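>>> sequence and predicted structure are below.
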Amino acid sequence: LKSWLGFPWHSVGPPSEPPKAMTAPGGADATSASAEKVELLKEKGNEAFRKAQMLKKTTAGKQYLHEARCTYIEAIQLLGKLPADDRSLTLVCTLHSNLAAVHLQEKPPRWELAKAAAEIALSVEPTGKLRAKALYRRAQATLEDGREGLREPILRAALSDFSAALEAEPHNSQLEEEVARLHRRLKNLEEATSVPEASSIVARIPSASLDRGGCCLDPHGYVWGQTEANVQIYLPARGVRWARNTGLTCEIRSRSLRISVPSAAGSSEGWELQGPLHKAVRPDDCSWQLEDDGLLLHVELAKLDKNPENEHWLCVWTAHAQTKAPSAEERRNIQQQAKAANRAESEDKPKAEHPKAAETLR
């Protein structure tokens, strides 16, 4: 199908040369008659589209939508035989914009065709409401009915169209709502993909998980804690959220640990932690996972020796700073000594006689 512009109505790019005016057989009267027929076809298509809107999700609604599409295409074909003038340009924009609306309503929606038709409508540089409608429909096609998971560049392209449409038709409440909605969506996307400072990420880790451990954020980029059975290691993200498919690796052996993380935004290289562990672990019982929406890498090491006298780790990697926290056994001994001291102190205090007891004796 050839549009008045000289290229298929479903094409995206503009024509290489401006269209040449064509003289219809029969002179000006025939041209005028053809233009009137295009107008009638447009109105017929509009009526069919209105009925399709009223009868959505019904067989009759689908038939009316099909009729609208065929009628608009017939009008576009006839328009290709008319000379180029202001009236023809307006009809080019209106018919392709209406055709885009039809494609948006089809089941399933034909997003690419709708976007292409809207772009043809915009290629004749319309103004006012005509421009606003074409921009609005291209934005709708770009957003694919608000589909989740669209990348930021796609959302920004749609926002640009909605904003331009609002400039062409100020105070349009529907356009204002769409612009505000996309701003909220982009803000949420930015918040979801942004990476807070490492200290802020670590602050969300339960304090019990860091018991008897230490903070090695500077220079090694992790914090850790331990129980009598496990060692917990937490690495906050640097510059970019982590995912298992982005080159993140964790190799746990009985006496060594290697963690390799992807490069941060703007960095040419990633970084890694590796070396011998302070004590042996059981690799089959160890694990690692991503938490806090990719902001935190959590490694859990299962201690090989859980004997109360030997389970305490002074550090994770042997070359790193040692913790000054007491072992679980030492902590229990301190607690028992404190309890014994409290009992002894209470026993040494003289017991005061009740005043009424002394009065009774007298």
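Nice, thanks for sending it over. Numbers count the residues shown, from 1 in each chain.
>>> once you drop chain neighbours, what's closest to residue 78?
With sequence-adjacent residues excluded and distances taken as Cβ to Cβ, 6 or more residues apart in numbering, residue 78 is closest to residue 38, at 5.4 Å. Using the backbone N, CA and C atoms, a C-beta is placed for each residue, glycine as well.
>>> need the contact list for that neighbour.
Residue 38 makes contacts with 75, 78, 79, 82, 91, 95, as judged by Cβ atoms under 8 Å, 6 or more residues apart in numbering.
>>> swap the cut-off to 7 Å and go again
Contact partners of residue 38, counting by Cβ atoms under 7 Å, 6 or more residues apart in numbering, are 75, 78, 79, 91.
>>> then residue 69?
With Cβ under 7 Å, 6+ apart, residue 69 has these contacts: 99, 102.
>>> so which pair among the contacts of residue 38 is furthest apart in space?
Between any two of these, the greatest separation by Cβ to Cβ is 9.8 Å, found for 78 and 91.
>>> show the pLDDT at residue 267.
On pLDDT, residue 267 comes in at 47.
>>> give me phi/psi at residue 213?
Main-chain torsions, residue 213, degrees, to the nearest 10: phi -120, psi -140.
>>> for residue 246, see how far away the residue nearest to the spatial centre of the chain is.
In the chain, the centroid-proximal residue (Cα atoms, centre = their mean) is residue 189; its distance is 4.6 Å. Distance of residue 189 to residue 246, given as Cβ to Cβ, to the nearest Å: 18 Å.
>>> show me where the stretch 151-300 of the chain has strands.
Secondary structure of the stretch 151-300 of the chain (DSSP state E, counting those that start in this stretch): strands located at 214-216, 222-226, 230-236, 249-252, 256-261, 271-276, 287-291, 296-302.
>>> then the fifth one to PDB, C-alphas only?
The C-alpha trace of strand 256-261 is given here as PDB (Å, rounded to 0.1, in the frame of the first residue of the first chain):
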ATOM      1  CA  SER A 256      40.200 -20.800  50.800                       C
ATOM      2  CA  LEU A 257      37.600 -18.400  49.500                       C
ATOM      3  CA  ARG A 258      37.600 -16.300  46.200                       C
ATOM      4  CA  ILE A 259      34.900 -13.700  45.500                       C
ATOM      5  CA  SER A 260      35.000 -11.900  42.100                       C
ATOM      6  CA  VAL A 261      32.600  -9.100  41.500                       C
END
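>>> use 33 as the first number for this chain going forward.
In the new numbering, first residue 33, that becomes strand 288-293.
>>> what strands line up against that strand, and which way round?
Neighbouring strands of strand 288-293 in its sheet, by DSSP bridges, are strand 281-284 (antiparallel), strand 303-308 (antiparallel).
>>> pull the residues that contact that strand.
Taking Cβ under 7 Å, 6+ apart as the rule, strand 288-293 contacts 267, 274, 280-283, 302-309, 331.
>>> please convert the buried members of those into PyMOL selection syntax.
Per 16 or more other Cβ atoms under 10 Å, the buried members of those correspond to this PyMOL selection:
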select buried, resi 267+274+280+282+305+309+331
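>>> tell me the pLDDT of the residue nearest to residue 110.
pLDDT, residue 70: 94.
>>> in a helix, it, correct?
Yes - the assignment for residue 70 by DSSP: H, G, I helix; E, B strand; the rest coil puts it in a helix.
>>> any idea how far it lies from residue 151?
21 Å.
>>> including secondary structure, could the contacts of residue 70 go into TSV?
Below are those laid out as TSV (three-state DSSP):
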residue	secondary structure
107	helix
110	helix
111	helix
123	helix
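>>> pick out whichever of those residues sits closest to residue 317.
Within those, proximity to residue 317 (Cβ to Cβ) peaks at residue 107, which comes in at 72.2 Å.
>>> ok so, going back, would a markdown table of the contacts of residue 70 with neighbour count and distance to residue 244 be doable?
Formatted as a markdown table, the contacts of residue 70 follow (neighbours: other Cβ atoms under 10 Å; distance: Cβ to Cβ, whole Å):
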| residue | neighbour count | distance to residue 244 |
| --- | --- | --- |
| 107 | 24 | 79 |
| 110 | 17 | 83 |
| 111 | 23 | 80 |
| 123 | 23 | 78 |
